[in-house]
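Need coordinates for the below:
(2 chains)
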Amino acid sequence: MLDDPLKPLVQVDNLKMHFPIYGGLLRRRVGEVKAVDGISFEIKEGETLGLVGESGCGKSTVGRALLRLYELTDGTVKIDDYDIAHASPEKLRKMRPTMQMIFQDPQASLNPRMTVGEIIAEPLREHLKMTKLEREDRVGDLMDQVGLNRDFAKRYSHEFSGGQRQRIGIARALALSPKFIVCDEPIAALDVSIQAQVVNLLEELQETMGLTYLFISHDLSMVRHIADRVAVMYLGRIVELAPRDDIYSEPLHPYTKALLSAVPEPDPSIESKVERVILTGDVPSPSNPPRGCNFCTRCPAVMDICKREEPTFREVLPGRFVSCHHYNDVDEIAVKATAEDL
Amino acid sequence: MLTYTIRRLILTIPTLLFISFVIFLIVKLSPSDPTSNLPLTIPPEVREKIRESLGVNKPLLFQYFLWLKQFFWLEPRIYLETAFGWDLGTAGEVRLISYQTRSPVMDLIWQRMPQTLWVVGTAYVVGILIAVPIGIYSAYKQYSIFDQAGTFVSMVGFSVPPFFSGVLVIVIFSVMIPNDSFWWLPSIYDTTHQVTDWESFKFQFRQMIMPVMVLALQITAQISRFARASMLDNLNQDYVRTARAKGVRERGVVMVHVLRNSMIPVVTVIALGIPGIFGGAIITEQVFKVNGLGQLLIIAIQGGDVPTVQTLTFIFAILIVLFNLIADVLYGLLDPRIRYD
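I've put the predicted structure just below:
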């Protein structure tokens, strides 16, 4: 996988997304929430990149910023060699068919006053010249593809269950045969049994249509199941990015270690022996992040340098990126030893 | 939906009967005397005779049932007779008579209705036409200068009563501006004016401007705030983001997704306001001397004219109950999530 010849479909460079805070009598700008603060990564064609992190670390913001549902503060995003970040609104609209999103809340993300057929057909109407009959046909096909009965097209979204609604959302996202789909916690609002169905559906669709996913989730075991590579976010930055098996078997960053040690173990005999890394304190406010490394306030292996200088995000082993001072100036063998020690 | 409407309509009958009885009691128990406006030179025994002839001394319940019979049984028959030329045997029966004018109350109401509907109805339509676009735009550009100005104007519209704003515009447009100027407007609304040609239409238009705009200011203030709040509610919804992600044009996002959903509560508020048109704008009608229903009600209250007050208030009650029902049904039609079955 390391010398994969596939070219990257999505290239993100130094993406920043700061939200202004207004306050005071005259609603002046008094600060900003640094939801995403300079992250870079690539997603190869046909690959699934898992993006994990705790609540409020900026995962969803990354997903939305990639499709420019927000105006970016800084940085570039290229999808299929188009610069999304600086495209004009009309140009951007024309590029929408290549990139789509599946939203977290399947209820709220569907217009309550439109029938399912209308919801799925709307992108077709906006972007393609089709006759009414062709459109109905395509909607029917899409509904078959995601496992919904064609006859449901005349119904409204509130008449469906959560899992079915998420299928509607997926059918809508697939309508224009996109290349890249951002799945923004698509399973978080669903029951466990339904989660598996939806994830399997997503995998199936990836196989048949050659889709590329950015899979945002806080469910580490689900990400392990679906992702090829995993990026871990903390307070607006990516702290570690690595192929899935590597990151789960041998996490490098202290935060990743803590995060993974929190995954429950189904076998009680092993569960009782698991050593948990318990982090103390709270996540600092993204409007006022600490100096130096973002994680320095809670890191169990904090050093002096961590409180002064920001670590750089660098490749320490082939395909494995980490942003931590412990890996400064160490060769490949030393990396493993350092990882053991932390 | 149909069964629901029918069930609701049947339920309105006891509601309205109860309302009519309460109105009757309130009007009757208030210390007013139908002879109090008559000249003081009339001796007490004559006054007593007048009271007797009006039937004021009869038992309360008797008077109530008489009113019920006249309003629900006699008057509809009379209107059917005049409309279709039938004979339903109403000859010789005593109609619902106003104490003050001694003419049938229903005829008075029919005479006053057109003025009120023209002035207040136009104000309502004008108010809505101004309010909805303002609401949409100020929500879309929240906290912009336009939005702030809109907030200020609606605050003025809310807080300045028509007896102030009405008199203010009269002072400006009828008094301070000389009456040969193009900008001069008549302060009295002439209800006998007939529109026959272009000139008379222009006059009608000019005399309507002030009362209509004074009323429209208040209506605009209310509805634009409501439309704005409702738009803001929907603008941040997830499905709006979905629509943008689909690549729908911005215009389509606002007009199709946001507007259609946010008009649901606005339409119901508009429907609920319609009975108010029939009720007339009591104060504004007084200020501009529009002899509409509002003015009729005021005069009737002052003169202790029980049948007129009772009938007018009851008609308002019917309209309110009816438009409540219409608003509920509209809600069900507009929002697919609501089904009455």
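
Helix, strand or coil: sort out the one residue in the stretch 1-150 of chain B that gets nearest to chain A for me.
Per C-beta to the nearest C-beta, B:Tyr143 is where the stretch 1-150 of chain B lies closest to chain A, at 6.9 Å. C-beta coordinates here come from the backbone N, C-alpha and C atoms, glycine included. Secondary structure state of B:Tyr143, per DSSP: H, G, I helix; E, B strand; the rest coil, is coil.

Neighbours of it, how many?
11 (other C-beta atoms under 10 Å in any protein chain shown).

Distance of the residue nearest to it when sequence neighbours are not counted relative to A:Val316?
In space, and not counting its chain neighbours, B:Tyr143 is closest to A:Arg27: 6.9 Å by C-beta to C-beta, 6 or more residues apart in numbering or on different chains. Using C-beta to C-beta, to the nearest Å, we find A:Arg27 at a distance of 45 Å from A:Val316.

neighbour-wise, which of these two wins?
A:Val316 (22 against 9).

would you say the more buried one is within a strand?
Yes: under three-state DSSP, A:Val316 falls within a strand.

mind listing what the residue nearest to it when sequence neighbours are not counted touches?
Using C-beta to C-beta, 6+ apart and skipping residues adjacent in sequence, the residue nearest A:Val316 is A:Tyr327, 4.7 Å away. By C-beta atoms under 8 Å, 6 or more residues apart in numbering or on different chains, the contact list for A:Tyr327 reads A:252, A:314, A:316, A:335, A:338.

Between which two of those residues is the distance greatest?
Largest separation among the contacts of A:Tyr327 by C-beta to C-beta: A:Arg314 and A:Thr338, giving 13.8 Å.

Give me the packing partners of the helix or strand hosting A:Val182, helices and strands only.
In the assignment (DSSP states H and E), A:Val182 maps to strand A:180-184. For strand A:180-184, the packing partners by 3 or more C-beta pairs under 8 Å, 6 or more residues apart in numbering or on different chains; DSSP states H and E come out as helix A:59-66, strand A:99-102, strand A:212-216.

In its sheet, which strands sit next to the shortest one, and in what direction?
Looking back up the chat, that one is strand A:99-102. Strand A:99-102 has these partner strands in its sheet, going by DSSP bridges: strand A:180-184 (parallel).

From the chain's centre, how far out is the strand it pairs with? Work that out for me.
Its chain's C-alpha centre and that of strand A:180-184 lie 7 Å apart, by C-alpha atoms, centre = their mean, to the nearest Å.

Distance-wise, check A:Ile238 relative to A:Lys59.
From A:Ile238 to A:Lys59 the distance is 10 Å (C-beta to C-beta).

got the buried residues for stretch A:160-175?
Neighbour counts over stretch A:160-175 (16 or more other C-beta atoms under 10 Å in any protein chain shown) mark A:160, A:163-175 as buried.

so what's the closest residue to chain B within the stretch 201-342 of chain A closest to, chain neighbours aside?
Nearest to chain B in the stretch 201-342 of chain A, going by C-beta to the nearest C-beta, is A:Leu214, at a distance of 13.5 Å. Distance criterion C-beta to C-beta, 6+ apart; nearest residue to A:Leu214, sequence neighbours excluded, is A:Val182 at 4.8 Å.
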